[in-house]
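Engineer: Dropping a prediction and its sequence here:
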Amino acid sequence: MRSRTLNWFLATGMLIGCLVQEARGQAPTLGTELPQVPGSSTSMFGAIPGSGGGTFASPAVGGGQILGGRPGAATPRVPTSLSNPGMGADSLAPPSVPAIPPLAPLTQVPLYGTLDVPTGSEDGPPNGLTFDQALELLIRENLDLRARRIEIPSAQADVITAGLRGNPILYADSQLIPYGAFSNRRPGGPTQYDLNISQPIDYSRKRTARLAVATATLKAVELQYQDAVRVQIGNLAVAYNGVVSARETVRFAEAGLQGIERVLDVNRKLQKFSDRSIGDVLLFEAQQGAAKVGLMDAREGLRRAKLALGGLLNMPPLQAESIELLAPLKPVEPPIPPGEELASMALSCRPDVVAYRVGLKVAKASLDLQYKNRFADAYLLYQPYTFQSLTYLPNTQNATSWAIGITVPLPVFNRNQGNIARAKLNIEQSEIQLRAVERLAIEQVRDAEMEYHQTQRFLDDLERTVLPAAKQAMTVAERLYLLGETPNITSYLTVQKQYNDIVRQYRDTAVRHRRSMSGLNTAVGSRILP
């Protein structure tokens, strides 16, 4: 008997050694792994405004290792997260204040060649691409917006995750198993077989608080997507106006080339039938060549501008190069509201500003969640079946029973006071950031409004006084030269250069004013100008 017992102990020791060597974890023990945090507060938009107070993860969701030192009905099978109410409350880095990207420089006109104002205006072919059509293509086809759009269903999935309830825990065990067998001479037991279920009870309503945080975060993500659309519409306006600008550069260069060719033809006739010098003809031929090179450069600039527009609309290069726009250089402009009203519109409808207001709600909801996270879930234990084997006792029947109990962690110590303090600081930080975003929006609206009025005033002055006077001086100088009253060609070329500079200034100002209109729309966050 003693030998058999010794052999049994040796076999048991070897088995335990193998299990210790191979096993990576066994219950019931206290685990060291952190629970998986459901959801995330980061996205392609960066940190969500107001999310620095922690995530909406539930300590009960995701489980954890079993808490308990031994099996049996007296020890409930509950996760270790029950004793860690602050788990999953890691904070995010403070979100940065967004800003409108700077506008690209104006389309460069040729530094050589001759420009002239074309007769009449050209809006483009009737089937040309309007800005509204380009806007629809941008929303539907732009790859960056399509990628960012996925963040919205991702945030909706986080709302689902935040509303998850803790699953009940099923546990079965056997205890008081004898080494050998119980008898009247060696009493013990009885051997017991238990089946129990532990159901978490969220009595502090953490799930409701998590849903409030996740729902507000979803709203912030939607607003961030709207702000991404706003910025991309501003980029689209820059690219669209770039094509209009490049198209006008081609038209101005073509008009300048036609003017040079007309004067060259007259000089060639005068050189044959009068005393006009061959040097004048050669000089105009050189100007003609420079004008042709300038026209080629303008057409190349138009091609590059179309490719830039096509890139935003996700068009193949060949299709982008064939884009034709239906857009005037100077659209009809309705009167704009005063500056105070524009600033008020920006504060009320700009998505980035509204997103930070929602972010403040996220921060406050996060504080409420951290307060409720102080209390871990209680666990209701129901043991529907306990079987006790009494076969070793003569004339004795086996017994069955049931049990019920509850485990409630006593909040003697506030285990979440650090996260609560962080959430309070996050509210203060979110309020400061909201004021910074509002101030930035007002400054951008003021700058855009000043740019609009300034370019409008410059363009009116050029159209009313400067350009007509330069055109008249150019016409007089050309007539005097062709009539031979100004034999010195240098005087004529000087007037021509001055006129060319004024035409370039007029074209640049017209394009700049058109871009200031789209810049004002972007700064306000609403389309108030065409």
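Structural biologist: Right, received. Where do you want to start? Residues are numbered from 1 along each chain as shown.

Engineer: so Gln175 makes contact with Gly189?
Structural biologist: No. Using CB atoms under 8 Å, Gln175 makes no contact with Gly189, being 9.2 Å away. Every residue, glycine included, has its C-beta placed from N, CA and C.

Engineer: Between those two, which has more neighbouring residues?
Structural biologist: For Gln175 versus Gly189, the count of surrounding residues by other CB atoms under 10 Å is larger for Gly189: 17 against 13.

Engineer: how about that one, secondary structure?
Structural biologist: Secondary structure state of Gly189, per DSSP: H, G, I helix; E, B strand; the rest coil, is coil.

Engineer: What pLDDT is listed against it?
Structural biologist: Looking at Gly189, its pLDDT is 80.

Engineer: Let me see the contact set for it.
Structural biologist: By CB atoms under 8 Å, 6 or more residues apart in numbering, the contact list for Gly189 reads 176, 178, 182, 388-390, 392.

Engineer: Sort out which of the residues you listed are in helices and list them.
Structural biologist: Assignment to helices by DSSP state H places none of the contacts of Gly189 there.

Engineer: ok, of those residues, which come out buried?
Structural biologist: The neighbour-count test (16 or more other CB atoms under 10 Å) applied to the contacts of Gly189 identifies 182, 389, 392 as buried.

Engineer: wait, is Pro337 part of a helix?
Structural biologist: No. Pro337: not assigned to a helix; according to three-state DSSP it is coil.

Engineer: contacting residues for the nearest residue to Asp447 once chain neighbours are set aside?
Structural biologist: Using CB to CB, 6 or more residues apart in numbering and skipping the chain neighbours, the partner closest in space to Asp447 is Ala523 (7.4 Å). Ala523 sits next to 100, 346, 441, 444-445, 447-449 when contact means CB under 8 Å, 6+ apart.

Engineer: export these to CSV and tack on secondary structure and neighbour count?
Structural biologist: CSV is the format used below for those (DSSP: H, G, I helix; E, B strand; the rest coil; neighbours: other CB atoms under 10 Å):
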residue, secondary structure, neighbour count
Ile100, coil, 18
Ala346, helix, 23
Ala441, helix, 22
Gln444, helix, 21
Val445, helix, 24
Asp447, helix, 13
Ala448, helix, 22
Glu449, helix, 21
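
Engineer: Name the member of these with the shortest distance to Ala216.
Structural biologist: Ala441 (21.1 Å; CB to CB).

Engineer: what ranges do the helices span in the stretch 101-250 of the chain?
Structural biologist: Ranges of helices in the stretch 101-250 of the chain, per DSSP state H, counting those that start in this stretch, are 131-141, 143-149, 151-162, 206-273.

Engineer: Tyr371 is nearest to which of those?
Structural biologist: Nearest to Tyr371, of the helices of the stretch 101-250 of the chain and by CB to CB, is helix 206-273 at 8.1 Å.

Engineer: quick one: Ile372 from Asn419, how far?
Structural biologist: Ile isn't right for residue 372; it's Lys. Counting by CB to CB, to the nearest Å, the separation of Lys372 from Asn419 is 11 Å.

Engineer: which of these two has more neighbours?
Structural biologist: Remark: of Lys372 and Asn419, Asn419 carries more neighbours, 25 against 19, as counted by other CB under 10 Å.

Engineer: check which helix or strand covers the more buried one.
Structural biologist: Assignment of secondary structure by DSSP states H and E places Asn419 within helix 417-461.

Engineer: ok, and for the next helix or strand after that helix, which residues are buried?
Structural biologist: Downstream of helix 417-461, the next assigned helix or strand under DSSP H and E is helix 467-482. Under the neighbour-count criterion of 16+ other CB under 10 Å, helix 467-482 has 467, 470, 474, 477-478, 481-482 buried.

Engineer: now do stretch 427-446
Structural biologist: 427, 429-430, 433-434, 437-438, 440-442, 444-445.

Engineer: Out of the helices and strands in this structure, which is least certain?
Structural biologist: Of all helical and strand segments in the chain, the minimum by mean pLDDT, DSSP states H and E falls on strand 66-67, at a mean of 38.

Engineer: what's the nearest residue to Leu342 once chain neighbours are set aside in contact with, if anything?
Structural biologist: Once flanking residues are discounted, Leu342 sits nearest to Val445: 5.2 Å by CB to CB, 6+ apart. Shown in contact with Val445 (CB under 8 Å, 6+ apart): 339, 342-343, 346, 520, 523-524.

Engineer: among the residues you listed, which ones are buried?
Structural biologist: Listed as buried from these are 342-343, 346, 520, 523-524; burial here means 16+ other CB under 10 Å.

Engineer: returning to that earlier point: turn the contacts of Val445 into CSV, including distance to Ala157 and secondary structure.
Structural biologist: Converted to CSV, the contacts of Val445 look like this (distance: CB to CB, whole Å; DSSP: H, G, I helix; E, B strand; the rest coil):
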residue, distance to Ala157, secondary structure
Gly339, 43, helix
Leu342, 38, helix
Ala343, 37, helix
Ala346, 32, helix
Leu520, 38, helix
Ala523, 34, helix
Val524, 33, helix
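
Engineer: Using pLDDT, spot the least trustworthy of those.
Structural biologist: In terms of pLDDT, the weakest of the contacts of Val445 is Gly339, which scores 89.

Engineer: Now that residue: closest residue in space, sequence neighbours ignored.
Structural biologist: Using CB to CB, 6+ apart and skipping the chain neighbours, the partner closest in space to Gly339 is Glu449 (5.4 Å).

Engineer: was I right about Thr217 contacting Asp158?
Structural biologist: Yes. Assessed by CB under 8 Å, Thr217 is found in contact with Asp158 at 6.8 Å.

Engineer: out of the two, which sits in the more crowded spot?
Structural biologist: Using other CB under 10 Å, the more surrounded residue of Thr217 and Asp158 is Thr217, with 30 against 24.

Engineer: so what pLDDT did that one get?
Structural biologist: Per-residue confidence at Thr217 stands at 93 (pLDDT).

Engineer: Next: Thr80.
Structural biologist: We note a pLDDT of 40 for Thr80 in this prediction.

Engineer: Which phi and psi values does Leu326 adopt?
Structural biologist: phi -110, psi 90 (degrees, to the nearest 10).

Engineer: Would you mind confirming that it makes contact with Leu129?
Structural biologist: Yes. If you go by CB under 8 Å, Leu326 and Leu129 touch, sitting 6.5 Å apart.

Engineer: Name the residue in these two with the higher neighbour count.
Structural biologist: More crowded of Leu326 and Leu129, by other CB under 10 Å: Leu129, with 19 against 14.

Engineer: for that one, what are its contacts?
Structural biologist: 323-326.

Engineer: How about Ser174?
Structural biologist: So Ser174 contacts 71, 191-194 (CB under 8 Å, 6+ apart).

Engineer: Now intersect those with the strands, please.
Structural biologist: If you go by DSSP state E, the contacts of Ser174 have 191-194 in strands.

Engineer: Farthest pair within the buried residues of helix 467-482?
Structural biologist: Within those, Leu467 and Leu482 form the most distant pair, 22.3 Å apart (CB to CB).

Engineer: Excluding covalently adjacent residues, which one is nearest to Asp352?
Structural biologist: Computed as CB to CB, 6+ apart, the closest residue to Asp352 that is not its neighbour in sequence is Asp227, at 4.3 Å.

Engineer: Can you get me a residue count around that neighbour?
Structural biologist: Residue neighbour count, defined by other CB under 10 Å, stands at 21 for Asp227.

Engineer: pLDDT score for it?
Structural biologist: As predicted, Asp227 sits at a pLDDT of 94.

Engineer: Next one: it from Phe252, what distance?
Structural biologist: As defined by CB to CB, Asp227 lies at a distance of 37 Å from Phe252.

Engineer: filter the ones in strands among the contacts of Ser174 to the buried ones?
Structural biologist: 191-194.

Engineer: Can you redo these as JSON lines, where the extra columns are distance to Arg148?
Structural biologist: Below are those laid out as JSON lines (distance: CB to CB, whole Å):
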{"residue": "Thr191", "distance to Arg148": "62"}
{"residue": "Gln192", "distance to Arg148": "59"}
{"residue": "Tyr193", "distance to Arg148": "57"}
{"residue": "Asp194", "distance to Arg148": "53"}
